[in-house]
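A.B. asks: based on what follows, work out the 3D shape:
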Amino acid sequence: MSEQSFYTSCKSSVQLVSVSEDGSQEIGIDLDIRPHSVHNDPKDDIIIISNDYVKFRASRFHLIRTSQFFEGLLGIAKPNIKPISKVFTDQDNGEKAEPIHLEFSSCTISLFLNIACSSHPCLPALKTEQATALLDFVEFAICDDFIDLARTSLINSLEKQPLELLVVASRRNDLDMAKQALRQIDEVMFNQLFNAPSVHPELAVKEYLRRLTRPYHLAILDAASTQAEDAFGVRVLGSQLIFTNDWSSFADTFSLDQFT
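C.D. replies: Next comes the predicted model:
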């Protein structure tokens with residue numbers, strides 16, 4: 001579904017007024033916003049504006065029910081008090097509105113509102129970028145009931161790309177996600193991923209490890225490196241380290257304790 005299909009063709013003019021700290025200066029900016037085609041019920045009293053200027057009408061009840069962020073913002077808010085720094089005029093009906101501006105796209109906010117309004121929330125298959133943005137949103141809005149749902153969606157989006165999942169896990173500092181990625185990288189998978197004809201395997205591994213955050217980079221090197229052993233299984237002192245191609249072998253014991 002294209003992003004355009006999320007919107008109606010109707011546009012409304014909204015005026016943003018920025019007020020200086022002493023309250024004496026105002027700068028008016030006319031913005032064109034589009035009402036969302038689904039989340040636009042006039043009975044819903046909370047207006048949310050996305051960073052791509054799409055207007056959503058949302059249920060106060062569902063926002064407070066699903067999000068600690070919105071509970072704190074709306075639970076004590078008085079409807080007739082306008083924000084200090086921003087005032088918007090909805091010129092469709094002349095009403096004074098008090099939108100909540102969020103630095104998230106209309107696609108992400110739409111996905112959130114879809115699950116927030118459902119008694120049995122579920123998500124369609126999402127692209128990695130969509131799933132990442134949704135997980136960022138529900139963590140920002142402290143939606144405890146949706147974090148696992150969004151996280152699972154992100155993992156599923158990279159189901160066949162364990163190396164990319166490990167990169168995401170390192171950047172989010174998600175150890176369980178990292179272990180899930182490592183379990184998929186056995187020797188066969190490792191050779192498929194790093195033994196490209198045009199690149200030396202050692203160089204490919206080094207380039208990949210640089211994409212991980214430093215603690216994960218060091219932890220992978222430590223977990224995958226072992227000393228040579230003699231016939232009795234005793235490590236030979238001074239011997240060269242051996243780098244295993246089977247990362248699944250240390251997935252369950254993988255730890256960052258030494259590197260954080």
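A.B. asks: could you pull out the strands for this structure?
C.D. replies: 12-19, 26-35, 46-49, 54-58, 86-90, 95-97, 100-101, 225-227, 241-243 (DSSP state E).
A.B. asks: count of neighbours near the residue found closest to Arg60 once you drop the neighbours it is linked to in the chain?
C.D. replies: What sits nearest to Arg60 in space, not counting adjacent residues and going by C-beta to C-beta, 6 or more residues apart in numbering, is Ile46, at 5.1 Å. Where you see a C-beta, it was placed from the backbone N, CA and C, and this is true even at glycine. Applying other C-beta atoms under 10 Å, we find 22 residues neighbouring Ile46.
A.B. asks: could you double-check that Ile46 lies in contact with His62?
C.D. replies: No - Ile46 lies out of contact with His62 (C-beta atoms under 8 Å); the separation is 9.3 Å.
A.B. asks: just to revisit the earlier point, do you know how far the residue nearest to Arg60 is from Ile220?
C.D. replies: Separation of Ile46 from Ile220 (C-beta to C-beta, to the nearest Å): 45 Å.
A.B. asks: and Arg210, by the same measure?
C.D. replies: On the measure of C-beta to C-beta, Arg210 and Ile220 end up 11 Å apart.
A.B. asks: which one of those two has more residues nearby?
C.D. replies: With neighbours defined as other C-beta under 10 Å, Arg210 and Ile220 compare such that Ile220 has more, 22 against 9.
A.B. asks: who are the contact partners of that one?
C.D. replies: Contacts for Ile220 were tallied using C-beta atoms under 8 Å, 6 or more residues apart in numbering; they are 209, 212, 247.
A.B. asks: now do 10 Å
C.D. replies: Each residue near Ile220 by C-beta atoms under 10 Å, 6 or more residues apart in numbering is listed here: 166, 170, 178, 182, 205, 208-209, 212, 247, 250, 254, 259.
A.B. asks: only the buried subset of those residues, as a PyMOL command please.
C.D. replies: Buried residues among these (16 or more other C-beta atoms under 10 Å), as a PyMOL selection:
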select buried, resi 166+170+178+182+205+208+212+247+250+254
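A.B. asks: among the contacts of Ile220, which ones are in helices?
C.D. replies: Using DSSP state H, the members of those that fall within helices are 166, 170, 178, 182, 205, 208-209.
A.B. asks: may I ask which two of those are separated the most?
C.D. replies: Ala178 and Val205 (16.5 Å; C-beta to C-beta).
A.B. asks: can you map out the helices along the stretch 51-200 of the chain?
C.D. replies: 60-66, 68-74, 106-116, 128-140, 144-157, 162-172, 175-184, 187-194 (DSSP state H, counting those that start in this stretch).
A.B. asks: can these go into TSV with extra columns for mean pLDDT?
C.D. replies: TSV is the format used below for the helices of the stretch 51-200 of the chain (pLDDT from 0 to 100):
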stretch	mean pLDDT
helix 60-66	95
helix 68-74	93
helix 106-116	97
helix 128-140	97
helix 144-157	97
helix 162-172	96
helix 175-184	96
helix 187-194	88
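A.B. asks: so what's Asn114 up against?
C.D. replies: Contacts of Asn114 by C-beta under 10 Å, 6+ apart are 38-39, 121-124.
A.B. asks: let me fix that, I meant to ask about Leu193.
C.D. replies: 161-163, 185, 201, 204-205, 208, 245.
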